[in-house]
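S.K.: Build me a model from this:
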Amino acid sequence: MLRYAITDRQMFPGDERSREDALITQVARLSSEGVDYVQMREKDLGEAAQADLARALMQAIRDGGGETKLLLNGTAALAQWAGADGVHLSTTMFSQNLQSHHGLLVSASCHTISDVRRAAEFADLILFAPVFEKRVDGEVVTEGVGLDALREACAAAGNVPVLALGGVTAANTQACLDAGAAGVAGIRLFV
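M.R.: Numbering: from 1, shown residues only. Next up, the predicted model:
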């Protein structure tokens, strides 16, 4: 089973430096636990700050002897500049020309079967979401598409691994795998 953690340094208390240090510690722990991929999703940072943080995360992974791959939200050029293993693309970035960026892993967010079919043409991994509903403070903020849609997405992806995202917990992980997912992805799932 593939495990794909997504970062959110805002979950940690303290000032910016404290949150970044906590994130670096978290990524080192995830790597030592054998998490396959970490997606650095710190969209509020400028490119230079993203690159600096990505380098620190890569160093933490290397120092721990882990084999975790780091993917950056954003452009392939940013991922290369930062020395990351890959790039994560939202559906709005599918048109990005990846042909000249050999060697980068590419993950793609997909929310429809049409998205999955498009992503299967270029991506190494597909994150299909939201499988389950998302709740904030006990209220549903996003309805989940369900396991049948996940099953359909896995079939539409062909040989590209699909990871279930959105409301995934330890309790429903097996149901995602039974639906054909190659693994699971999340933020809170890996805290």
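
S.K.: Quantify the burial of residue 76 by counting its neighbouring residues.
M.R.: For residue 76, the neighbour count with other C-beta atoms under 10 Å is 22. For every residue, glycine as well, the C-beta is placed using N, CA and C.

S.K.: my guess is it contacts residue 107, does it?
M.R.: No. Using C-beta atoms under 8 Å, residue 76 is not in contact with residue 107, being 12.0 Å away.

S.K.: so what's in contact with the two at the same time?
M.R.: Contact criterion C-beta atoms under 8 Å, 6 or more residues apart in numbering; residues shared by residue 76 and residue 107: residue 87.

S.K.: just how off-centre is stretch 156-171 within its chain?
M.R.: Centre-to-centre, stretch 156-171 and its host chain are 11 Å apart (C-alpha atoms, centre = their mean, to the nearest Å).

S.K.: Ends of that stretch, what's the gap?
M.R.: The first residue of stretch 156-171 is 26 Å away from its last residue (C-alpha to C-alpha, to the nearest Å).

S.K.: Mind listing what's buried along that stretch?
M.R.: Neighbour-count burial for stretch 156-171 flags 156, 157, 160, 161, 162, 163, 164, 165, 166, 167, 168 (criterion: 16 or more other C-beta atoms under 10 Å).

S.K.: swap in stretch 183-190?
M.R.: 183, 184, 185, 186, 189, 190.

S.K.: helix/strand/coil for the second one?
M.R.: It refers to residue 184. At residue 184, secondary structure determined by DSSP: H, G, I helix; E, B strand; the rest coil is strand.

S.K.: where along the protein do the helices fall?
M.R.: 16-32, 47-63, 76-82, 113-119, 147-156, 173-178 (DSSP state H).

S.K.: Remind me what the last one packs against, helices and strands.
M.R.: Helix 173-178 sits against helix 147-156, strand 183-186, with contacts defined as 3 or more C-beta pairs under 8 Å, 6 or more residues apart in numbering; DSSP states H and E.

S.K.: buried sites along that helix?
M.R.: Result for helix 173-178 [16+ other C-beta under 10 Å]: buried residues 173, 176.

S.K.: what about that helix, distance to the chain center?
M.R.: Centroid displacement of helix 173-178 relative to its chain, using C-alpha atoms, centre = their mean, is 18 Å.

S.K.: do the same with the fourth one
M.R.: On the basis of C-alpha atoms, centre = their mean, helix 113-119 sits 17 Å off its chain's mean C-alpha point.

S.K.: buried residues in that helix?
M.R.: Judged by neighbour count using 16+ other C-beta under 10 Å, the buried positions of helix 113-119 are 113, 115, 116, 118, 119.

S.K.: List of residues touching the worst-scoring helix or strand of the chain on mean pLDDT?
M.R.: Least confident helix or strand, the chain: strand 134-136 with a mean of 77, by mean pLDDT, DSSP states H and E. Strand 134-136 has contacts (C-beta under 8 Å, 6+ apart) with 140, 141, 142, 144, 166, 167.
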